[in-house]
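Enquirer: kindly generate the corresponding structure for this input.
(2 chains)
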Amino acid sequence: MTDTLPAPEHAPAAEADALRRMLRDMLVIRRFEEKAAEAYAHGKIGGFCHLYIGQEAVAVGAMAALRKDDYVLTSYREHGQALARGVSARAVMAELYGKATGSSGGKGGSMHIFDAATNFLGGHAIVGGHIPLVTGVAFAIKYREGDQVALGFFGEAAVNNGAFHEALNMAAVWRLPAIYICENNRYGMGTALERASAIYDVAQRACSYDMPAEVVDGMDVLAVRDAVARAVKRGRERYVPTLLEIRTYRFMGHSMSDPIHGHYRTKDEVEQAKAKDPIHTFADRLKADGMLDDDRWQTMEAEVADEVDDAVRFADESPDPAPEALTSDVYRDGSS
Amino acid sequence: MTVLSYRDALNQALKEEMARDPGVFLMGEEVGVYQGAYKVSRGLLEEFGPMRIVDTPITELGFAGVGVGAAMAGLRPVIEFMTWNFALLAIDQIVNSAAKMLYMSGGQVAIPIVFRGPGGAALQLGAQHSQSFEAWYANVPGLKVVTPATPADAKGLLKSAIRDNNPVIFIEGEMMYNQKGEVPEGEHLVPLGVAEVKRAGTDVTLVGHSKMVAVALKAAEELEKQGISAEVVDPRTLRPLDLPTIVASVRKTNRCVVVEEGWPFAGIGSAVVDGIQRDAFDDLDAPVLRVSGADVPMPYNRQLEKLAKPDAAKVVAAARRVLYLD
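Expert: Residues are numbered from 1 along each chain as shown, chains lettered A, B, ... in the order given. Take a look at the predicted model:
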């Protein structure tokens, strides 16, 4: 598993810092989601709440390959992507709590996190419905002759949806700088991919659009980063879209109301996936390569715990939106 | 004033707004090389090029979503549906993406976009091609719904819709594209949300939008021959609805008939009547009546289709009933 890491004596300090940063970002997501589960159990978070535990390497690896002016859109399992993109743990937790200080002012909730400052354009909760939006953002980039990319995340269940096909076809016909990341965690809620899809390899779908595609190990944050970086290069330099099938696994249930394994998968299967935990395996790699020692790891764990505790405290203490918020933001005043 | 067809008035509006704002573009099926299924975009590809006049595959859901995504990134798309019948495939993007984005992002992401194309029945196109959906869209907070009835309104309202910072549902009429009328020269903007009295009268108010304005005007002419003075009010925009103008008319005439081409149940007329009974209850001398399309899928047969559509005779009959003449 250490073959893609540079030997420590050749690793520039900046690269070591970047790798430790990625580890830390994954850890923030893990601890954040654990706290979100606790808060949900205590009734502090309502509605649907889909946790990202197990999939951290996908968001963190992908964001590491992006620039600040690129765009990110995603589905409803998006706390991790928002955090990895740089939305503060405070703003995300406060949104889950429905507070005025949340990233969407408490009006979006767990499934609708937006942050215009980081070009994080949501949190969308109709399966597949946001994939055409990714194509549209990429269209706008090319329209302005820009060199950003539009990156969209969705689950493997979305690829059987017409929106996926329509959106990828247009991106290919028009050569748009879009990156479609299918986070294949094997289950659309409780339906295994092979029970819903005529072909198992999602990446093969790209053949229909004559689009570059890769299958990526989603438990390996560097493999994700490198594959996304290749897609980014194609998008930025040549306006070529890419489909990445990133194979990952969700360690928790589909949502908070779903048991960890349930009827659709076995406890053994979940345990086997956990043995490839993206955070622990990456920490071990950094340790083996001399970029991380136990002291640093413990310090990191303590800092992350503090950051997440602070987010929970902030969310808890923040005010609810004022009643007037009910009717604001339905329409935007004015005209061009 | 120049005389223009409804089609050319729309074409002018598009051309002027695209020249004014480089972020405005038109996307849809057959808008470019073919010059528009109804020729509304005639000449625009040659003038603005393929990046701004964009032919799409037949993918209403897909290109409606592309439009919303482009608006999220700051452009001002005009999305043409060949007809609103096909837009049912895109209604998820219109309702779940366009209408709600500003709200669920806490005011961060506005969607300045126009979805436009012909709605309502033409002639003998059958059940799937003869439908009026304005009531569906008018039900959704976050959308504005505009239904121009004349070439002047078509131009002025489309220009305002393109400049508006919100998603606007702009429903034209397939049977109206050839209709001619005077259009003011130069910059001509009609504000959204403002009704217009299309004909003044004193005995009964006829409220109708889109093609039903012509039907109401024709009914008013017939009523005049019978010694009845009808006022015709065109809301022009259905959401937001200019209720004060309608109510002011009803306060004057004390009687009202609401005409629409769509189905009756939970139709536009329901919202209009609701407003009138609330704001003009003491002014009414008769219950408000509604004339609508029949509560059936549109039949193909010419005679049955005629029975299904509102026409001047039906409006005259309703007006006579609210005047207790029949």
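Enquirer: residues contacting residue A:321?
Expert: The contact partners of residue A:321, taken as Cβ atoms under 8 Å, 6 or more residues apart in numbering or on different chains, are A:98, A:99, A:100, A:105, A:106, A:107. Every residue, glycine included, has its C-beta placed from N, CA and C.
Enquirer: now secondary structure too, for these, in CSV please.
Expert: Output for the contacts of residue A:321, formatted as CSV (DSSP: H, G, I helix; E, B strand; the rest coil):
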residue, secondary structure
A:98, coil
A:99, coil
A:100, coil
A:105, coil
A:106, coil
A:107, coil
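Enquirer: now do the same for the residue in chain A that chain B sits nearest to: its pLDDT.
Expert: Residue nearest to chain B within chain A (Cβ to the nearest Cβ): residue A:136, separated by 1.9 Å. For residue A:136, the model assigns a pLDDT of 98.
Enquirer: returning to what we had before: ok, which of the contacts of residue A:321 also contact chain B?
Expert: The subset of the contacts of residue A:321 lying close to chain B, counting by Cβ under 8 Å from any Cβ of the partner chain, consists of A:105, A:106, A:107.
Enquirer: okay, now the last one: neighbour count?
Expert: Read that as residue A:107. Using other Cβ atoms under 10 Å in any protein chain shown, residue A:107 has 23 other residues around it.
Enquirer: hang on, isn't residue B:116 packed against residue B:83?
Expert: No - using Cβ atoms under 8 Å, residue B:116 makes no contact with residue B:83, being 10.9 Å away.
Enquirer: those two: which is more packed in?
Expert: Neighbour totals were compared for residue B:116 and residue B:83, and residue B:116 leads with 26 against 21 (other Cβ under 10 Å).
Enquirer: ok, now which ones touch that one?
Expert: Contacts for residue B:116 (Cβ under 8 Å, 6+ apart) come out as B:78, B:79, B:80, B:81, B:158, B:161, B:170, B:171, B:172.
Enquirer: residue A:73 in helix, strand or coil?
Expert: At residue A:73 the chain is in strand, as set by three-state DSSP.
Enquirer: can you check residue A:205 too?
Expert: Going by three-state DSSP, the state assigned to residue A:205 is helix.
Enquirer: that one: neighbouring residues, count only.
Expert: Neighbours of residue A:205 under the rule other Cβ under 10 Å: 21.
Enquirer: so what pLDDT did the residue lying closest to it once chain neighbours are set aside get?
Expert: Computed as Cβ to Cβ, 6 or more residues apart in numbering or on different chains, the closest residue to residue A:205 that is not its neighbour in sequence is residue A:159, at 6.0 Å. The model reports residue A:159 with a pLDDT of 96.
Enquirer: and the gap between residue A:159 and residue A:323?
Expert: As defined by Cβ to Cβ, to the nearest Å, residue A:159 lies at a distance of 42 Å from residue A:323.
Enquirer: let me see the ranges of the strands in chain A.
Expert: A:71-74, A:120-123, A:150-155, A:178-184, A:187-188, A:191-192, A:213-217, A:242-247 (DSSP state E).
Enquirer: stretch B:233-251 - what's its average pLDDT?
Expert: The model assigns stretch B:233-251 a mean pLDDT of 98.
Enquirer: to clarify, my last question referred to stretch B:150-168.
Expert: 98.
Enquirer: and it, how far from the chain's centre?
Expert: Relative to its parent chain, stretch B:150-168 has a centroid offset of 11 Å by Cα atoms, centre = their mean, to the nearest Å.
Enquirer: now stretch B:92-112
Expert: Relative to its chain's centre, stretch B:92-112 lies at 22 Å (Cα atoms, centre = their mean).
Enquirer: likewise for stretch B:182-202?
Expert: A distance of 14 Å separates the centroid of the chain from that of stretch B:182-202, by Cα atoms, centre = their mean.
Enquirer: how long is that stretch from one end to the other?
Expert: Terminal residues of stretch B:182-202 lie 26 Å apart, using Cα to Cα, to the nearest Å.
Enquirer: what comes up buried for it?
Expert: Judged by neighbour count using 16 or more other Cβ atoms under 10 Å in any protein chain shown, the buried positions of stretch B:182-202 are B:183, B:188, B:190, B:192, B:195, B:196, B:198, B:199, B:201.
Enquirer: before we move on, the earlier item: show me which pair in the contacts of residue A:321 is furthest apart.
Expert: Longest distance between any two of the contacts of residue A:321 is 10.5 Å, between A:99 and A:107; criterion Cβ to Cβ.
Enquirer: any chance of the buried residues of stretch B:182-202 in CSV, plus secondary structure, distance to chain A and pLDDT?
Expert: Listed next are those as CSV, based on DSSP: H, G, I helix; E, B strand; the rest coil; distance: Cβ to the nearest Cβ, whole Å; pLDDT from 0 to 100:
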residue, secondary structure, distance to chain A, pLDDT
B:183, strand, 21, 98
B:188, coil, 15, 97
B:190, coil, 13, 98
B:192, coil, 9, 98
B:195, coil, 19, 98
B:196, strand, 20, 98
B:198, strand, 25, 98
B:199, strand, 30, 98
B:201, coil, 33, 98
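Enquirer: any idea which of those is the one closest to residue A:236?
Expert: Ranked by distance to residue A:236 (Cβ to Cβ), those are led by residue B:192 at 39.4 Å.
Enquirer: who's in contact with that closest one?
Expert: By Cβ under 8 Å, 6+ apart, residue B:192 lies in contact with B:144, B:146, B:157, B:160, B:161, B:164, B:168, B:237, B:240.
Enquirer: got the contact list for the nearest residue to residue A:18 once chain neighbours are set aside?
Expert: The shortest distance from residue A:18 to any non-neighbouring residue, by Cβ to Cβ, 6+ apart, is to residue A:64 (7.2 Å). Residue A:64 makes contacts with A:18, A:22, A:221, A:225, A:228, as judged by Cβ under 8 Å, 6+ apart.
Enquirer: give me the number of neighbouring residues for the fourth one.
Expert: So the one you mean is residue A:225. When neighbours are counted by other Cβ under 10 Å, residue A:225 registers 23.
Enquirer: now the helices for the chain?
Expert: Since no chain was named, I'll use chain A. A:13-41, A:56-64, A:79-85, A:89-96, A:131-143, A:162-173, A:193-196, A:221-238, A:267-274, A:278-288, A:294-317 (DSSP state H).
Enquirer: I was thinking of chain B, sorry if that wasn't clear
Expert: Ranges of helices in chain B, per DSSP H, are B:6-20, B:44-48, B:60-72, B:91-92, B:101-104, B:134-138, B:151-163, B:211-225, B:243-253, B:268-279, B:302-308, B:312-322.
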